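K.L.:
okay, here's the prediction I keep looking at, along with the sequence it came from:
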Amino acid sequence: MLRTICVFCGSQTGNIPSASDAASELGTRLAAGGFRLVYGGGSIGLMGALARSMLAAGGEVVGIIPRALLEREVGLVEASTLIVTETMRERKALMDKESDAFVVLPGGFGTLEEFVEIVTLRQLGYHDKPVIIVNLCGFYRPLLKFFSHIAERGYALTPQHRLYHVVESVDETMTILTNHTHHHHHTRDA
């Protein structure tokens with residue numbers, strides 16, 4: 001049973017027209033589904049949209065933010081719980097430990113770094129938690145193509161489709177989170 005969902009996403013809004021709406025919709029639907037959210041603790045960009053919609057729908061939001069980013073990303077003081085860590089690494093370790101599944105919305109280097117680390121840990125057998133990439137408007141297509149390139153060149157031994165799901169919408173994301181069992185690893189190629 002998945003209870004706590006970690007969402008990695010940008011502290012910028014970006015210019016994908018549907019990204020902000022998708023972040024808000026995800027927050028609303030996670031709350032409606034009785035899930036708890038763990039995220040990076042920011043109050044701006046996609047992070048802010050996600051957390052605020054979750055709170056507005058009565059959901060529990062746990063923000064985890066490093067002290068150095070607390071002021072710059074304006075930590076979301078309204079969060080149900082705001083945990084301040086000393087380092088980025090400590091933040092990620094806590095996010096990983098607290099969560100039953102990971103959802104990746106568009107974002108920048110930080111989002112990418114969190115996602116790649118969680119997939120690496122899964123590949124190495126440190127966890128078997130579902131990882132879902134929400135490929136809004138094809139945002140992650142170049143990255144997924146590069147992942148195939150890594151495998152073709154012989155640097156990734158595990159077939160990627162066993163490591164993460166690729167979906168195009170919040171709808172598909174919720175279907176996976178709601179139906180997930182440990183024997184349920186399938187995806188579509190993007």
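P.N.:
Arrived safely, thanks for sending.
K.L.:
ok now the lowest-mean-pLDDT helix or strand in the chain, how far from the chain's centre?
P.N.:
Least confident helix or strand, the chain: helix 67-70 with a mean of 88, by mean pLDDT, DSSP states H and E. Distance of helix 67-70 from its chain centroid, counting by Cα atoms, centre = their mean, to the nearest Å, is 20 Å.
K.L.:
give me the buried positions along that helix.
P.N.:
69-70 (16 or more other Cβ atoms under 10 Å). C-beta coordinates here come from the backbone N, C-alpha and C atoms, glycine included.
K.L.:
mind jotting down where the helices sit in this structure?
P.N.:
For the chain, the helices defined by DSSP state H occupy 19-32, 45-56, 67-70, 88-98, 109-123, 141-152, 170-179.
K.L.:
just name the most buried of those.
P.N.:
helix 45-56 (a mean of 24; mean count of other Cβ atoms under 10 Å).
K.L.:
how far is it from where the chain is centred?
P.N.:
Mean-position distance between helix 45-56 and its chain equals 13 Å (Cα atoms, centre = their mean).
K.L.:
that helix vs helix 109-123, what angle?
P.N.:
Orientation check (axes from the mean of the first three to the mean of the last three Cα atoms, to 10 degrees): helix 45-56 against helix 109-123 gives 70 degrees.
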